[in-house]
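# Here's my sequence, what's the structure:
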Amino acid sequence: MARPVVLAIVLALAAHEALAFSPSLYHSKALGTHQNTRLSAPLPVSRVSLRPGRASFPSSLQAAIASPPVANGPVVIEEVDPLDVPTIKQVAAFFVGAFWQDYKAQALMTDDQKRRFCNEQFDDMRIRYGAKSPVNSSLVIARNGPEGEIVGCVGLEMALVMGEKILPKNRENLARNYDMQPLLANLAVSPAARRQGLARKLCVKGEEVVRGWGQDHLLLLVEEGNEPAIRLYRNMGYKQVWSDPTAKASMPVDFGGNTAMQTVTVTNVAMTKPIKAKPGLLGLGLFGVL
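From the prediction side, this is the model:
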């Protein structure tokens, strides 16, 4: 049997501009905390699901996977209305497309598998950044002009922290007095829009959003080998607080033309930055504790 060709589904900066590490439904279950604590349990990040799924994405969104948009005008950065489901779908398709472009993995996935990946990413973003999120959250996008195509995105949300663990935001955990920390995730920039400072601008907007929640710092997680992204964050004032060499990541593996999933161990680096807080809701969303 031919030796497997492993392509990581871990968001990284390809060449010069960072695709942030994505603590989302896919990837692993290890995520970070703040100060000098170290998590033993990962937050869900990005993985490809090969199980049967819905094929709800139209062909126009599927095309975004094969050919992410090109930045050709003034970029507008804005928050997505949490009730705007069509735009959240577009962001999910863009996010998947940016990944495929970076890792040249399109040949490994059928159209149906890519569609399932889009659906998984959409479900994750809708839960975390949509109207039903029980805590403060926001999905920020960059467009080519006010009505242009999406060329970048980043997500912000409040994460539940208990000691060295990030907890799921279920009813029971929300009812307890756990610490809540603001988390930056799902940062992606179209390959054609890189080397223009867009990743930095998205991060700055994310910091602005989190300050509006009354928070005084922001947490993110990045893979240890993603040196361009780490360099970007350090230049923006983020400092490493711990690293987790036991994080798990799901990766697609090509076995002679057949795609399968493989779980591998990666080292994640947690970084935080102090920001000047504004009066806010201290992490509770519109619905409070459900």
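
# only C-alpha atoms for contact and neighbour calcs from this point on.
Will do.

# So what pairs up with Leu218 in the strands?
Going by DSSP bridges, Leu218 is paired in beta bridges with Lys273.

# In contact with it, which residues?
181-184, 207, 210, 272-275 (CA atoms under 8 Å, 6 or more residues apart in numbering).

# Now do the same for it: its pLDDT.
The model reports Leu218 with a pLDDT of 96.

# Repeat that for Ser49.
At Ser49, the model reports a pLDDT of 28.

# one step back: I'd like to know which of the contacts of Leu218 is nearest to Leu83.
Closest to Leu83 out of the contacts of Leu218 is Val210 (19.6 Å), distances taken as CA to CA.

# Quick check: the gap between the residue nearest to the closest one when sequence neighbours are not counted and Asn170.
Nearest in space to Val210, with sequence neighbours left out and distances taken as CA to CA, 6 or more residues apart in numbering, is Pro182 at 6.9 Å. Look at Pro182 and Asn170: by CA to CA, to the nearest Å, they are 17 Å apart.

# what's the burial count for Arg171?
Neighbourhood size, Arg171 [other CA atoms under 10 Å]: 11.

# Please report the distance of it from Leu83.
Arg171 is 22 Å from Leu83, where distance means CA to CA.

# what does Gly237 give?
The gap separating Gly237 from Leu83 is 33 Å, by CA to CA.

# all strands for the stretch 151-290 of the chain, in order.
With DSSP state E, counting those that start in this stretch as the criterion, the stretch 151-290 of the chain has strands at 165-167, 179-189, 217-223, 239-255, 258-274.

# Mind putting those strands into TSV with distance to Asn119?
Listed next are these as TSV, based on distance: least, CA to CA, whole Å:
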stretch	distance to Asn119
strand 165-167	24
strand 179-189	15
strand 217-223	24
strand 239-255	17
strand 258-274	17
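
# Pick out the shakiest of these, pLDDT-wise.
In terms of mean pLDDT, the lowest-scoring of the strands of the stretch 151-290 of the chain is strand 165-167 (a mean of 68).

# If the residue nearest to Leu139 when sequence neighbours are not counted is in a bridge, with which residues?
Ranked by CA to CA, 6+ apart and with sequence neighbours excluded, the top spatial neighbour of Leu139 is Gly155, at 4.6 Å. Beta bridges link Gly155 to Leu139, Ala185, judged by DSSP bridges.

# quick one: contacts for Gly155?
129, 137-140, 184-187, 206.

# Arrange those residues in JSON lines, one row each, with distance to Ala175 and neighbour count as further columns.
Putting those into JSON lines (distance: CA to CA, whole Å; neighbours: other CA atoms under 10 Å) gives the following:
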{"residue": "Tyr129", "distance to Ala175": "20", "neighbour count": "25"}
{"residue": "Ser137", "distance to Ala175": "18", "neighbour count": "27"}
{"residue": "Ser138", "distance to Ala175": "22", "neighbour count": "25"}
{"residue": "Leu139", "distance to Ala175": "25", "neighbour count": "26"}
{"residue": "Val140", "distance to Ala175": "28", "neighbour count": "24"}
{"residue": "Leu184", "distance to Ala175": "23", "neighbour count": "26"}
{"residue": "Ala185", "distance to Ala175": "24", "neighbour count": "26"}
{"residue": "Asn186", "distance to Ala175": "27", "neighbour count": "25"}
{"residue": "Leu187", "distance to Ala175": "30", "neighbour count": "26"}
{"residue": "Gly206", "distance to Ala175": "27", "neighbour count": "24"}
